[in-house]
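Peer 1: Mind folding the following:
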Amino acid sequence: MASVRRAVILAAGLGTRMLPATKSVPKELLPVVDRPIIQYAVEEAVAAGIEHVVIVLSPDRAAIREHFGGGSRVEAVARARGDDALAERVLAPERLARFTFVEQREPLGTGHAVQQAEPHLDGEPFALLFPDDVILGERSCTAQLVQAYEACEAAAVIAVQQVAREQIHQYGIVDPAGAGNPARLRGIIEKPAASEAPSDLGVVGRYVLGPSIFGELASLKAGAGGELQLTDAIAGQIAAGAPVYACRFEGRRFDAGRPAGAIAAAVCAALDREELRADLLAHLTALMPTEQ
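Peer 2: Numbering: from 1, shown residues only. Okay, here's the model as predicted:
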C-alpha cells in the first residue's frame with residue numbers, strides 16, 4: 001500500500017454562515033488567533049507526513065493563493081528594514097509544503113470538488129480536509145487517520161465523533177460493525193432523522209481516501225441541484241464490499257465556519273499558548289458575571 005503523502009483541502013465554499021465578514025475575505029482566511037483557519041488544516045496535514053497539498057478553490061479565492069505564495073508588501077518592507085525575523089514569519093506558510101491550486105468553477109458538490117484534484121494525485125491515496133473543522137490536540141487528527149488507513153489496509157477511513165441526538169440531522173452518520181476503533185462500516189447515511197440514525201457517530205471533515213474513490217465519483221449520478229456528494233461515493237464503496245472504516249479521533253473539534261465555533265476555537269488555541277494564556281484568562285474572568 002502506498003504511503004499517504006498528499007492532501008486535498010477544499011476551500012471553494014461560499015461562507016454564508018460568516019457573512020458579512022466573508023463578503024470580501026474568504027472564510028478560510030478568517031483568523032483563529034493569529035493564523036487563518038486553513039493554515040491549521042495545512043499544519044495538521046504536514047504533521048501527518050504530508051508533503052504536497054492540493055487546495056481546491058473557487059475562482060474568487062486569489063487571496064488563499066497569495067497566503068501560501070511567495071512574498072508580500074510586508075516581506076518587502078521587513079527586508080528593507082533589516083527585520084529578517086518578521087520576513088521569515090511572512091514566508092512561513094508557503095514553506096509548510098508544496099502547494100498546487102485548482103479551481104472548482106461551479107459549486108457542484110463536495111464530490112465534484114474532490115474530482116478537480118485527481119490529476120495532481122498520481123493515483124496515490126490522499127488525506128482530505130475540510131478547513132471549517134479546526135481540530136486541536138496533542139496529536140494530528142490526520143496522522144491518526146493515516147495510521148488507521150495503513151493498519152487496516154482500508155479503501156477509506158473517516159473521522160467521526162459522538163454527536164448529541166438533537167444534532168444528528170446535521171451530520172452524515174455512520175453504521176459501524178461493532179464497537180472497535182477503527183470500526184469497519186456497514187453503511188453511511190447523510191443527515192438522517194435521529195429516529196432513523198444507525199448510531200450517534202457523526203462524520204467530521206477529515207478523511208483518508210484511496211484512489212478507488214474516483215471510480216465511485218465517476219459513476220455517480222448528480223443529485224439535487226446537480227451536485228455530486230462525497231458521502232454517496234463512500235456509500236457506494238461500502239455497498240461494493242470495500243473496507244471503509246470510521247475512526248474516533250483524539251482532539252477537540254470546532255466548527256469554525258460558524259461564529260460561535262470560531263470564537264471557541266480561538267479561545268482554545270490561545271489558552272494553549274503560554275505567551276497568551278494569562279492575559280486571556282484575565283480578560284475572560286473580567287467578562288464573567290459576578291454573583292449578586
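
Peer 1: For the rest of this, base every contact and every neighbour count on C-alpha atoms.
Peer 2: Will do.

Peer 1: Sketch out the low-pLDDT regions of the stretch 51-200 of the chain for me.
Peer 2: 70-71 (pLDDT under 70).

Peer 1: can you pull out the helices in it?
Peer 2: 62-67, 73-80, 84-91, 110-117, 141-152 (DSSP state H, counting those that start in this stretch).

Peer 1: Do a quick rundown of the strands in the protein.
Peer 2: Using DSSP state E, the strands of the chain run over 6-11, 31-32, 35-36, 52-57, 98-103, 126-129, 133-136, 156-162, 172-176, 183-190, 201-209, 244-248, 252-255.

Peer 1: circling back to that earlier point, of the helices of the stretch 51-200 of the chain, which is nearest residue 2?
Peer 2: Set against residue 2 and scored by C-alpha to C-alpha, those come closest in helix 141-152, at 8.7 Å.

Peer 1: For the closest one, which outside residues touch it?
Peer 2: The contact list for helix 141-152 (C-alpha atoms under 8 Å, 6 or more residues apart in numbering) reads 1, 3-4, 44-45, 47-49, 127, 135, 155-159, 182, 206-208, 247, 249-251.

Peer 1: repeat for stretch 234-253
Peer 2: Outside stretch 234-253, the residues that reach it (C-alpha under 8 Å, 6+ apart) are 133-139, 141, 144-145, 148, 153-161, 174, 176, 181-189, 213, 216.

Peer 1: Out of those, which end up buried?
Peer 2: 133-136, 141, 144-145, 148, 154-161, 174, 176, 182-189, 213, 216 (16 or more other C-alpha atoms under 10 Å).

Peer 1: For stretch 110-122, could you pull out the residues that count as buried?
Peer 2: Those would be 110, 111, 112, 113, 114, 115, 116, 117, 120, 121, for stretch 110-122 by 16+ other C-alpha under 10 Å.

Peer 1: which one among these gets closest to residue 271?
Peer 2: residue 110 (33.2 Å).

Peer 1: show me what contacts that closest one?
Peer 2: 227, 228, 229, 230.

Peer 1: okay, now the closest residue to residue 65 other than its chain neighbours: neighbour count?
Peer 2: Closest residue in space to residue 65, ignoring its immediate chain neighbours: residue 101 at 7.2 Å, by C-alpha to C-alpha, 6 or more residues apart in numbering. Neighbour count for residue 101, taken as other C-alpha atoms under 10 Å: 17.

Peer 1: what residues are up against residue 101?
Peer 2: 54, 55, 56, 57, 65.

Peer 1: Could you do residue 266 as well?
Peer 2: 32, 33.

Peer 1: Quick check, pLDDT for it.
Peer 2: Note on residue 266: pLDDT of 97.

Peer 1: how close does the residue nearest to residue 65 sit to residue 29?
Peer 2: 15 Å (C-alpha to C-alpha, to the nearest Å).

Peer 1: cool, and residue 129?
Peer 2: From residue 129 to residue 29 the distance is 15 Å (C-alpha to C-alpha).

Peer 1: Of the two, which one has the most company?
Peer 2: residue 129 (25 against 19).

Peer 1: That one reaches residue 43, doesn't it?
Peer 2: No. Applying C-alpha atoms under 8 Å, one finds residue 129 not in contact with residue 43, separated by 11.3 Å.
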